[in-house]
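model this:
(2 chains)
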Protein chains: 2
Amino acid sequence: MSLLVVGSVAFDDVETPLGRRERALGGSATYFSLSASQSSEVRIVAVVGEDFGEREMGVFQGRPIDLQGLERKPGASFHWKGAYAWDFNEAKTLETHLNVFADFHPKLPEAYRHSPYLFLGNIAPELQLDVVRQMAERPRWIALDTMNYWISGSREALERVLREVDILLVNDGEARALTGERQNARAYQRIREMGPRVLVVKHGEFGVSLFTPEGTFAAPAFPLEDVVDPTGAGDTFAGGFLGFLARIGRMDFPALKHATLAGTVMASFTVERFSTERLESVTPSDIQKRLSLFSDMIRVEAL
Amino acid sequence: MSLLVVGSVAFDDVETPLGRRERALGGSATYFSLSASQSSEVRIVAVVGEDFGEREMGVFQGRPIDLQGLERKPGASFHWKGAYAWDFNEAKTLETHLNVFADFHPKLPEAYRHSPYLFLGNIAPELQLDVVRQMAERPRWIALDTMNYWISGSREALERVLREVDILLVNDGEARALTGERQNARAYQRIREMGPRVLVVKHGEFGVSLFTPEGTFAAPAFPLEDVVDPTGAGDTFAGGFLGFLARIGRMDFPALKHATLAGTVMASFTVERFSTERLESVTPSDIQKRLSLFSDMIRVEAL
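The predicted model follows:
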């Protein structure tokens, strides 16, 4: 069943203590769709410029990713430059060139308007709302990602769209900013009064917490020897998590737990290399192997 | 089987955003022994002053805690004053009065020298080494806690005692300081070349990671609505973790996983109230209930 994603497709210049890349493929919809397409059919709504070439388009092709909604416009693609220090918890943004993304107004192709599952990637809440309005019928579920820029700058629209969504994905800093609470646990509680019945909180290298009406779950990150570039980890997690839910067509507590493991494993591939380098080459068998290792790792056998 | 702990028994003045306490019972050996004595017999080696009264002694009595090694000396007890901001990750030390603890030289009563299990709480590495030397025979396992003060100030002695221990418990900042690595994952790997075959890394509100020769495990913290005072969480975890291992007399991977859950649950009681208030009143049934909730929470059922 098709999973519609609205977000950015971009070029990233990234520097981490372990290396650097220039004009590498990036953007929330990019990481999300490469990750989600391992388990579901994905439909992209995004915009790129004339500099988005065959090499970049080739990354999406040959996968169950519908590119009908990927608009190409005169001008340059969204270009982000950022750097990470050793702790990898937060990117320092050096430059943001919105380019064609500045006038992005998502337009859903007719077929997309009937998508059963919708992920609103990290774009202006007004645009996220507009996408919801364009759907012919209400999707089975809507998931949303956001960031502090919109939490402080577009709070009213964000609160409105939050009332429309089923699943919210944020990190700890965003959870606190969204609620004004200074203790994480309190922020998590408050968010659940704001609309989304499922809350996923990403703790970076310390894993993920899941809050649902049926119970709470938490999983560590997949242990890696080296994290090379954390860019895209959150969107890759979202792709693995939501792609899994779309594939099995369930959103009960056991399904959400498995989705958390799927998202965690997908994110572990992304951060092992720069940009989408690892995500492009990962095979279903690589994913299965790591998922099995991870399930064994967190399982507590009876004594 | 008896578990010997060497550490501090102290008075704490603590202030957190949720309240404050003065001259509350504290110290590493206090939290450890109250926690471990829920599953094992504990023997304490520590020192207190003349101000350590009947109310304080009463907290240890009526439990399987041997107080033969709790020395009383002229002068005042160790007194720590600290405060926490909202994130609760690190205490700000306002005052430290070592008092009788300044001249603490652990002396093991004869019976203690045959203890099968030994926990070296957070004291000078030279004293930790001296305790190891006083043992009549090598304990089945030795576990150790330390802090940045000793990592930077007594590195040589610390490295020596590390080569004698089986289990090391540290937090992320200590892991990085101990190894000079700036990425947590690398620090964890380096530590395992320094002696201890089992490494437990405490991530505060984000849970615990366990590294063993048989595999890696991680568990989230027990989700609480409010953390009131994090003081003693690490020592309470150590007490629950090591008390469990001492009780079942095993140190294989499945046993270490269960010990991690036991430690996590014990720590969750400590942080719910100030000082040892909750730890003093917790019953075996409270512990069992929470352990069962926690096991259910982290279990991933087949779909």
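
contacting residues for the residue in the stretch 1-150 of chain A that chain B sits nearest to?
Nearest residue of the stretch 1-150 of chain A to chain B: residue A:86, at 3.7 Å (CB to the nearest CB). C-beta here means a position set from N, CA and C on the backbone, and glycine is covered the same way. By CB atoms under 8 Å, 6 or more residues apart in numbering or on different chains, the residues touching residue A:86 are A:17, B:182, B:183.

Am I right that residue A:79 sits in a strand?
Yes - the assignment for residue A:79 (DSSP: H, G, I helix; E, B strand; the rest coil) places it in a strand.

for it, which residues make a bridge with it?
Beta-bridge pairing for residue A:79 (DSSP bridges): residue A:11, residue A:97.

still on that earlier bit, so what's the residue of the stretch 1-150 of chain A closest to chain B closest to, chain neighbours aside?
residue B:182 (3.7 Å; CB to CB, 6 or more residues apart in numbering or on different chains).

likewise residue A:258?
That would be residue B:303: by CB to CB, 6+ apart, it lies 5.8 Å from residue A:258.

Mind jotting down where the strands sit in the stretch 101-250 of chain A?
Assigned by DSSP state E, counting those that start in this stretch, the stretch 101-250 of chain A shows strands spanning A:117-120, A:141-145, A:167-171, A:198-202, A:208-212, A:215-219.

and among the ones you listed, the most buried is which?
strand A:117-120 (a mean of 28; mean count of other CB atoms under 10 Å in any protein chain shown).

which residues sit against that one?
A:1-7, A:32, A:36, A:40, A:128, A:131-132, A:135, A:139-145, A:161, A:165, A:238, A:242, A:245-246.

Is the residue of the stretch 1-150 of chain A closest to chain B located within a helix, as I assumed?
No - under three-state DSSP, residue A:86 sits outside any helix and is assigned coil.

and the gap between it and residue A:26?
As for residue A:86, its distance to residue A:26 is 21 Å (criterion: CB to CB, to the nearest Å).

Report the distance from stretch A:59-72 to the chain centre.
17 Å (CA atoms, centre = their mean, to the nearest Å).

Show me which residues of that stretch are buried.
By neighbour count on 16 or more other CB atoms under 10 Å in any protein chain shown, the buried set for stretch A:59-72 is A:59, A:60, A:63, A:65, A:66, A:67, A:69, A:70, A:71.

With stretch A:167-186 instead?
A:167-172, A:174-179, A:181, A:183-186.

Listing request: residues of the stretch 201-303 of chain A with sub-threshold pLDDT.
Filtered on pLDDT under 70, the stretch 201-303 of chain A yields no residues whatsoever.

For it, which residues are neighbours of chain B?
By CB under 8 Å from any CB of the partner chain, the part of the stretch 201-303 of chain A that sits against chain B consists of A:203, A:205-207, A:209, A:215-221, A:223-227, A:248, A:254-255, A:257-258, A:261, A:295-301, A:303.

Going by neighbour count, which of the residues you listed are buried?
Buried among these (16+ other CB under 10 Å): A:203, A:205-207, A:209, A:216-221, A:223, A:227, A:255, A:257-258, A:261, A:297-298, A:300.

Over to residue A:36: give its phi and psi.
Residue A:36 has phi and psi values of phi -70, psi -30 when expressed as degrees, to the nearest 10.

what's downstream of the helix ranked longest in chain A, the next helix or strand?
Identified as the longest helix of chain A according to DSSP state H is helix A:253-272. Later in the chain than helix A:253-272, the nearest helix or strand by DSSP states H and E is helix A:277-281.

What is that next one packed up against?
With contacts taken as 3 or more CB pairs under 8 Å, 6 or more residues apart in numbering or on different chains; DSSP states H and E, helix A:277-281 sits against helix A:28-36, helix A:253-272.

Residue B:75 is nearest to which of the ones you listed?
helix A:253-272 (52.9 Å; CB to CB).

who are the neighbours of that closest one, in terms of helices and strands?
For helix A:253-272, the packing partners by 3+ CB pairs under 8 Å, 6+ apart are helix A:28-36, strand A:208-212, strand A:215-219, helix A:233-248, helix A:277-281, helix A:284-298.

Now distance to residue B:21 too, for the ones you listed, in TSV please.
Converted to TSV, the helices and strands packed on helix A:253-272 look like this (distance: least, CB to CB, whole Å):
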stretch	distance to residue B:21
helix A:28-36	47
strand A:208-212	30
strand A:215-219	29
helix A:233-248	39
helix A:277-281	50
helix A:284-298	37
